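# this one's structure only:
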């Protein structure tokens, strides 16, 4: 029984932790906005004027991303005529001119008598490869204690966990290959497809090593006043050491309201299906609601969200159904003062889950399991211009601590990683 529940705990963490696909298309949009549409440089206008200029630069960047170069150039010409020192506007303007030149070279000359051909909507495809190495105090996210106490009818008994279920500290290497394709299917509608393959090698057995794949497709409809409505469907497959396979399918619906001065609200629905091959004890279905706010300010980009839902378990899962509550906050700040083109991303979240029935009569005398998990992370991303324009370096620190009224589910981990990423 200890091995089985420990396996359940480790596999579940593999889905809920950083190894699960990041399906929130709004968080991806937050990071994209940071890298594609940087905050404009200081101009001679007042703060209200500067905000208006920044908004036009972001609009032009979005038009460039959708290959609408002529519209972007027209918009930026008016900006540069009044504020020629805005470097971000100049950068996007040169990109628009280059796009216009490339289109004029690739489009065939039409005869006057022939009708004008509508250019096809093409996919914009970006790929990337990331490799990093680092150290973790708990590679397999095992219980903090190497032994557990069973509450048998005859009295308490201490049992040592098997080696593969004990906390394993050491170094590891992670590799991730990703591809992202975006296509405009209408004037205000965008379709995105993203795939990832990832692998981690540590030299330890059990749940320390894993391989997996993520696939995500999303459709976003842009409305008036900066509002957006989107739907995303994702699939994830994870293989741990010992041929343990875990599959998840998730659907997300999101609506972001009209943009205020800096922020706009967000609401949504989450649906999740989870299954471990050959082990119905981990089968579950989750349904939840979320609400949040997204803010784009001159100081940085911010996102905060709360979610709550119900997890329906299979008839055999210990603990039965679950109630869940989660609070997430994230922020991205440009750090050009340190290195041009660099940024810092910080994130933190709190997860609370409560079983609705006793987990096991052998653990804490049949108590209903309660779990509270605290997580925090800090990433620093900067360009490696000495190597090539498309190379970047990233350093990250992550911390996680989980408390529970059952000692088997008490965990803690501290990790540090350093790596490089190349995009093409």
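Arrived safely, thanks for sending. Keep in mind the model is a prediction, meaning the values are calculated, not measured.

# Is residue 261 within a helix or a strand, and which one?
Assessed by DSSP states H and E, residue 261 sits outside every helix and strand.

# show me the residues around it that make contact.
Counting by CB atoms under 8 Å, 6 or more residues apart in numbering, residue 261 touches no other residue. For glycine as for every other residue, the C-beta is placed from the backbone atoms N, C-alpha and C.

# buried residues in stretch 268-279?
268, 269, 270, 272, 274, 275, 276, 279 (16 or more other CB atoms under 10 Å).

# Output those residues as CSV; include the columns secondary structure and pLDDT.
Listed next are the buried residues of stretch 268-279 as CSV, based on DSSP: H, G, I helix; E, B strand; the rest coil; pLDDT from 0 to 100:
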residue, secondary structure, pLDDT
268, strand, 96
269, strand, 97
270, strand, 97
272, strand, 96
274, strand, 93
275, strand, 91
276, strand, 86
279, strand, 79
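
# Bridged to residue 264, which residues?
Beta bridges link residue 264 to residue 294 when assigned by DSSP bridges.

# List the residues that contact it.
Residue 264 touches 226, 227, 256, 257, 258, 293, 294, counting by CB under 8 Å, 6+ apart.

# Show me these that map onto strands.
The strands, defined by DSSP state E, take in 256, 293, 294 from those.

# For stretch 289-299, what is the distance to the chain centroid?
Relative to its chain's centre, stretch 289-299 lies at 15 Å (CA atoms, centre = their mean, to the nearest Å).

# for the record, mean pLDDT for that stretch?
Stretch 289-299 shows a mean pLDDT of 92.

# Quick one: list the elements packing against the strand or helix carrying residue 417.
Per DSSP H and E: residue 417 is located in strand 411-423. Using 3 or more CB pairs under 8 Å, 6 or more residues apart in numbering; DSSP states H and E, the elements in contact with strand 411-423 are strand 124-136, strand 391-404.

# related to what we said a few turns ago, tell me the buried residues within the contacts of residue 264.
Applying 16+ other CB under 10 Å to the contacts of residue 264 flags 256, 257, 293, 294 as buried.

# Would you double-check that residue 208 falls in a strand?
No: assigned with DSSP: H, G, I helix; E, B strand; the rest coil, residue 208 falls outside any strand and is coil.

# Might you list the low-confidence residue ranges for the stretch 51-200 of the chain?
51-52, 82-87, 101-121 (pLDDT under 70).

# Then the stretch 201-350 of the chain?
Those would be 242, if you go by pLDDT under 70 across the stretch 201-350 of the chain.

# partner residues bridging residue 214?
residue 196, residue 236.

# Same check on residue 311?
Here residue 311, judged by DSSP bridges, has bridge partners residue 286, residue 322.

# So it sits against residue 286, correct?
Yes: when contacts are counted by CB atoms under 8 Å, residue 311 is listed as touching residue 286 (4.6 Å).

# Now do the shared contacts for these two.
Common neighbours of residue 311 and residue 286 (CB under 8 Å, 6+ apart) are residue 324.

# more neighbours, these two?
residue 311 (21 against 18; other CB atoms under 10 Å).

# give me every residue that touches the more buried one.
284, 285, 286, 321, 322, 323, 324, 353.

# count of residues packed around the fifth one?
Read it as residue 322. 19.

# Next, work out how far apart it and residue 186 are.
As for residue 322, its distance to residue 186 is 40 Å (criterion: CB to CB, to the nearest Å).

# Mind listing the strands whichever strand or helix holds residue 349 pairs with, and their directions?
Assigned by DSSP H and E, residue 349 belongs to strand 343-358. Its sheet considered, strand 343-358 pairs with strand 322-334 (antiparallel), strand 368-383 (antiparallel) by DSSP bridges.

# Can you give me the end-to-end span of stretch 271-280?
End-to-end distance of stretch 271-280 (CA to CA, to the nearest Å): 19 Å.

# any residues touching it, and which ones?
So stretch 271-280 is contacted by 7, 11, 15, 244-252, 282-287, 314, 316-317 (CB under 8 Å, 6+ apart).

# can you tell me which of those are in strands?
Per DSSP E, the contacts of stretch 271-280 map to strands at 244-252, 282-287.

# Closest to residue 363 out of the buried residues of stretch 268-279?
residue 279 (18.9 Å; CB to CB).

# and the gap between the closest one and residue 237?
Distance, residue 279 to residue 237, using CB to CB: 15 Å.

# on that earlier part again, tell me the one among the buried ones among the contacts of residue 264 nearest to residue 150.
residue 293 (46.1 Å).

# Just to check, that closest one is in contact with residue 262?
No: using CB under 8 Å, residue 293 makes no contact with residue 262, being 9.8 Å away.

# strands paired with the helix or strand harbouring residue 180, and their directions?
Using DSSP H and E, residue 180 sits in strand 170-186. Note on strand 170-186: by DSSP bridges, its sheet partners are strand 124-136 (antiparallel), strand 189-201 (antiparallel).

# So for residue 344, which of those sits nearest?
It is, among the strands paired with strand 170-186 and with distance given as CB to CB, strand 124-136, at 17.0 Å.

# Please enumerate residues in contact with the closest one?
So strand 124-136 is contacted by 65, 67, 169-183, 394, 396, 413-424 (CB under 8 Å, 6+ apart).

# Which among those residues count as buried?
Looking at these with 16+ other CB under 10 Å, the buried ones turn out to be 65, 172, 174-176, 178, 180, 182, 394, 396, 413, 415, 417, 419, 421.

# Could you list the buried residues of stretch 59-77?
Buried, per 16+ other CB under 10 Å, within stretch 59-77: 59-66, 68-69, 72-73, 75-76.

# still on that earlier bit, and the contacts of residue 264, which is closest to residue 93?
Closest to residue 93, out of all of these and judged by CB to CB, is residue 226, at 22.6 Å.

# What sits closest to that closest one if chain neighbours are left out?
residue 259 (3.2 Å; CB to CB, 6 or more residues apart in numbering).

# For beta bridges, what are the partners of residue 306?
Going by DSSP bridges, residue 306 forms beta bridges with residue 291, residue 327.

# tell me the most buried of the helices and strands packed on strand 411-423?
strand 391-404 (a mean of 17; mean count of other CB atoms under 10 Å).

# Give me the average confidence score over that strand.
Rounded mean pLDDT across strand 391-404 is 96.

# Give me the angle between that strand and strand 343-358.
Put simply, strand 391-404 runs at 30 degrees to strand 343-358, going by axes from the mean of the first three to the mean of the last three CA atoms, to 10 degrees.

# Partner strands of strand 391-404 and their direction?
Here, using DSSP bridges, strand 391-404 pairs with strand 368-383 (antiparallel), strand 411-423 (antiparallel).
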